[in-house]
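Student: The following block contains a protein sequence and its predicted model.
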Amino acid sequence: MSRAARGRPQPFTVDVVAVTPRDGELAVLLERENAGNNGRERWMLPWEAPRGDEQLDDVAQQVAREAIGAAPSWISQVGAFADGRHPSDTDLSVAYVALAPLGTDTQGDDRVWRPVRDLAGLGERQEAIVQGALTAVRDRLDLYPIAFRLLPGAFTLSELQQMYELLLGRRLHKASFRRALQAAYLVEPTDEWRSEGRGRPAQLYRYAPKRRRRSRRGVRFDLLG
């Protein structure tokens, strides 16, 4: 069935904040919108207006897949936003945050990974959506395996800590992080090792949470000071 046959567009949009680590920073995928009245380039988040009775989660998955070029490694709804202009001029946007694994490249010349510190050319509402998505990721780090979805299947504990620091936007104490990680029962060692410059090689780990009653499957960042 064609998209046009699924009914008229709904009076709101589904906007997706695709996030990935690039060059030691968190980056968001933007698409070229057009030139504004002053001739300056404008950018936008990937979005779509659902049609008929399409489910929001399905639309978000489709938008993320098309923008990233593959299925996101994790996706979650953030909330609804109404303030500020949207490229579609709709009054409401339902936002999702989607993770693209490390090393994901852009698809075409009209898409770019932009550091979250540099959102020039992005409209007011979508800039608020990005900030809301980043806040949601940080709030959910202790509940979902978000950091692991941005790493390869095997990683060093240093790489895992760096990913958590990137997502949180702050440094973590190495010994405290590893104690909290051990208490969370989230990783198990593999038989592989990797050299990390001078010094002894580092052991590789994988995400393998143990089932524990009444346990939280996350690193308790509130215990890290």
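Tutor: Received the coordinates, thanks. Numbering: from 1, shown residues only.

Student: Can you show me the strands along the chain?
Tutor: Listed in chain order, the strands of the chain (DSSP state E) span 13-22, 25-35, 41-44, 47-48, 74-81, 93-99, 111-115, 187-194, 202-207.

Student: can I get the ones you listed in CSV with mean neighbour count and distance to A128?
Tutor: Yep, even glycine has a C-beta here, placed from its N, CA and C like the rest. Formatted as CSV, those follow (neighbours: other C-beta atoms under 10 Å; distance: least, C-beta to C-beta, whole Å):
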stretch, mean neighbour count, distance to A128
strand 13-22, 25, 10
strand 25-35, 18, 13
strand 41-44, 17, 13
strand 47-48, 22, 14
strand 74-81, 17, 6
strand 93-99, 25, 9
strand 111-115, 17, 16
strand 187-194, 13, 35
strand 202-207, 17, 32
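
Student: out of these, which comes closest to D142?
Tutor: For the strands of the chain, proximity to D142 was assessed by C-beta to C-beta; strand 74-81 is nearest, at 14.0 Å.

Student: Direction included, what does that closest one pair up with?
Tutor: The pairing partners recorded for strand 74-81 under DSSP bridges are strand 93-99 (antiparallel).

Student: Walk me through the domains of this structure.
Tutor: If you go by automatic domain parsing, the domain ranges for the chain are 3-140, 147-223.

Student: hey, least reliable of these by pLDDT?
Tutor: Within those, confidence is poorest for domain 147-223, with a mean of 85 (mean pLDDT).

Student: OK, contacts around Y205?
Tutor: Taking C-beta atoms under 8 Å, 6 or more residues apart in numbering as the criterion, Y205 is in contact with A154, F155, T156, L157, L160, V187, E188, P189, T190.
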